[in-house]
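Q: Predicted model and sequence below, questions to follow.
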Amino acid sequence: MTATTARPTAGPAPAATAPDSLTGVFVRLKLSLMRNGLKGSSKRKAAWIGSLVFALVVAFFATFGLALLRGNAHAGTVVVLLAAILALGWTFMPLFFPTGDETLDPSRLVMLPLRPRPLVRALLASSLIGIGPLFTLCLAVGSVIAVARGTAGAVAAVVAVPLLLLGCVTLARAVATANVRLLSSRKGRDLAVLSGLLIAVGAQVANFAGQRLFQTGGLAQLEPVEAVVRWLPPATAVGMVDSVGDGAYGVAAAQLALTLGALALLLWFWERSLTRLMVTPDGSTVAAAGPGKDRGAGGFWSLLPDGRTGAVVQRTLRYMVRDPKTKSSWVTALAIGLIVPVFNALQGTGSLYLACFGAGMLGVQMYNQFGQDTSAFWMVAQTISTPRDAYLELRARALALVLVAGPYTVLVTVVTAALLDDWEGFPAALGVAVALVGSMFCSGALASARFPYSIPTEGAFKNVSPGQGALAWLGIFGGMLVSALISAPVIALTIYLNVSQHGLAWIVLPVGAAWGALAAWAGLRLAAPMVARRLPEILLAVSKD
């Protein structure tokens, strides 16, 4: 009997599965990241939902308001300039808020075998998902509704909306990718410090410009600007719809071509930036060549006194320059303290005594002195064993603030007096400002000892640790109220002299300076024993995450 060997017959080969599209993968990744981010902290979920609701409400009313402009003679001017402002915001937001969408940071993908062109498409598609693109889409729809007229205008509007949205998003991604090395560095992260300053300056400029605009002829004054802006992409997309509605089809065709050309150029630039990013080594960790030197010796630091006072003053000043949160607080205070009196003076509604606002903004910096040390306060606590040590520590910190607040208060008062041409009232205003600063140093020292709180190192806009918000507000607002009461005698003296003895108002300057110095000294003296006694409690309060 012959044995036959059974050979296994090969079954049908499994069908080869086509690889997923890179664009689809990135879109699903973005959605998954957004969904998973909402599963963590309830506070994060509440913040995201609150931001979405707020954006939708604002977008609804903005879109409705733009739609109401339909038929208005200046509708084209408004929507074209709005498109330009949207593009400007999309351009610079990534520079000042680099962590706003860190999941799309292309530097995280350099180790993956991805080609730049598919990566551009995938990143662009995933960038269109989020609150910002949704808000921009609503404004784009409202803008084209305001200027679209007739069938041709409706067709142009359908084309213009995605072009405006793509232009804004591509512009933002191209700028962010070209500067990704800067944004991921320490200096790049410090750009976020300027965000508060820019918002404050922008709000004041917009307020001032709006008032001047409606005083000098309204929106008609913007028509020359709009005539130029409508040829600047991506605002050309909205300008195209307006041109079609006016029957200027040749102009509309030129604006459409300009929009498409600019979008293609941005995509090409973005692709080139991605290629350069993925093949260029990152030299951020390479130490700067050069002989070592003692940065603490010579120059300004040599003028400081020896011992604890000089060391604490130098440490406090270095915190102002190097620590992101401290730098942000100081930059914002310096900017807003000058903006408010100056812009009010330029508008003709200012007062010389608004210079006290700038003084108050710097006086607030005395509050929560130990919070900026975070958990490193234990090293400071080790050097404090008596109320005398605590007094010297607080006095040196106050001296560091005086080195900035003193010249700044004089500068703000001088600038305000020059704009108002009120040099007669300059001594009294400066005296009140100095008294207010000294009073805030007094209450600030007491608040630092009694109501310390931790300042988180993470998060550009998170300045109080969870659970300590009420403590922070109590210390700041309670201290400001106490400061007003402390400086009340100088304020009362100023009012009396301005009403009945106007020629003697200059007396307020020396009186205010002496009163402010006395108040600061008294506050430091009263706070020192409290600091020495509460060192463990202060360390625990400033060490919370």
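A: Looks like it came in fine.
Q: immediately after the helix or strand harbouring Pro407, which helix or strand?
A: Element membership of Pro407 [criterion: DSSP states H and E] is helix 387-420. Downstream of helix 387-420, the first helix or strand assigned by DSSP H and E is helix 426-450.
Q: and after that following helix, which helix or strand comes next?
A: Next along the chain from helix 426-450, counting by DSSP H and E, comes helix 469-486.
Q: ok so, going back, quick one: average confidence on the helix holding Pro407?
A: For helix 387-420, mean pLDDT rounds to 90.
Q: Give the buried residues for that helix.
A: 387, 389-405, 408-410, 412-413, 415-417, 419-420 (16 or more other Cβ atoms under 10 Å). No exception for glycine: its C-beta is placed from N, CA and C like everyone else's.
Q: what's the angle between it and helix 426-450?
A: 150 degrees (axes from the mean of the first three to the mean of the last three Cα atoms, to 10 degrees).
Q: What's the mean pLDDT across stretch 164-183?
A: Taken as a whole, stretch 164-183 carries a mean pLDDT of 82.
Q: CA atoms only: put it into PDB for me.
A: Taking Å, rounded to 0.1, in the frame of the first residue of the first chain, the C-alpha atoms of stretch 164-183 are listed here in PDB:
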ATOM      1  CA  LEU A 164     -10.800  82.900   4.300                       C
ATOM      2  CA  LEU A 165     -10.700  80.100   6.800                       C
ATOM      3  CA  LEU A 166      -8.000  78.200   5.100                       C
ATOM      4  CA  GLY A 167      -6.000  81.300   4.600                       C
ATOM      5  CA  CYS A 168      -6.100  82.200   8.400                       C
ATOM      6  CA  VAL A 169      -5.300  78.700   9.600                       C
ATOM      7  CA  THR A 170      -2.500  78.200   7.000                       C
ATOM      8  CA  LEU A 171      -1.000  81.600   7.900                       C
ATOM      9  CA  ALA A 172      -1.000  80.600  11.600                       C
ATOM     10  CA  ARG A 173       0.600  77.200  11.000                       C
ATOM     11  CA  ALA A 174       3.200  78.500   8.600                       C
ATOM     12  CA  VAL A 175       4.300  81.200  11.100                       C
ATOM     13  CA  ALA A 176       4.300  78.800  14.000                       C
ATOM     14  CA  THR A 177       6.300  76.100  12.100                       C
ATOM     15  CA  ALA A 178       8.900  78.700  10.900                       C
ATOM     16  CA  ASN A 179       9.400  79.800  14.600                       C
ATOM     17  CA  VAL A 180       8.900  76.500  16.300                       C
ATOM     18  CA  ARG A 181      12.600  76.400  17.600                       C
ATOM     19  CA  LEU A 182      12.100  79.800  19.100                       C
ATOM     20  CA  LEU A 183       8.700  79.000  20.600                       C
END
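Q: which strands and helices sit next to the helix holding Pro407?
A: The helices and strands touching helix 387-420, judged by 3 or more Cβ pairs under 8 Å, 6 or more residues apart in numbering; DSSP states H and E, are helix 307-322, helix 324-346, helix 355-363, helix 426-450, helix 508-533.
Q: So which elements touch the fourth one?
A: Contacting helix 426-450 under the criterion 3+ Cβ pairs under 8 Å, 6+ apart are the following elements: helix 355-363, helix 387-420, helix 469-486, helix 488-500, helix 508-533.
Q: what residues does the next helix-or-strand element following the shortest one touch?
A: Scanning forward in sequence from helix 355-363 by DSSP H and E, the next helix or strand is helix 377-381. Taking contacts as Cβ atoms under 8 Å, 6 or more residues apart in numbering, the residues outside helix 377-381 that touch it are Phe370, Asp373, Glu393, Leu535, Ile538, Leu539, Val542, Ser543.
Q: Now do the last one against Tyr453, distance only.
A: When you say that, I think you mean Ser543. According to Cβ to Cβ, to the nearest Å, Ser543 and Tyr453 sit 11 Å apart.
Q: These two: which is more packed in?
A: More neighbours surround Tyr453 than the other of Ser543 and Tyr453, with 26 against 16 (other Cβ atoms under 10 Å).
Q: what's the spacing between the more buried one and Leu232?
A: Counting by Cβ to Cβ, the gap from Tyr453 to Leu232 is 47 Å.
Q: rewinding a little: closest one of the contacts of helix 377-381 to Asp306?
A: Glu393 (15.5 Å; Cβ to Cβ).
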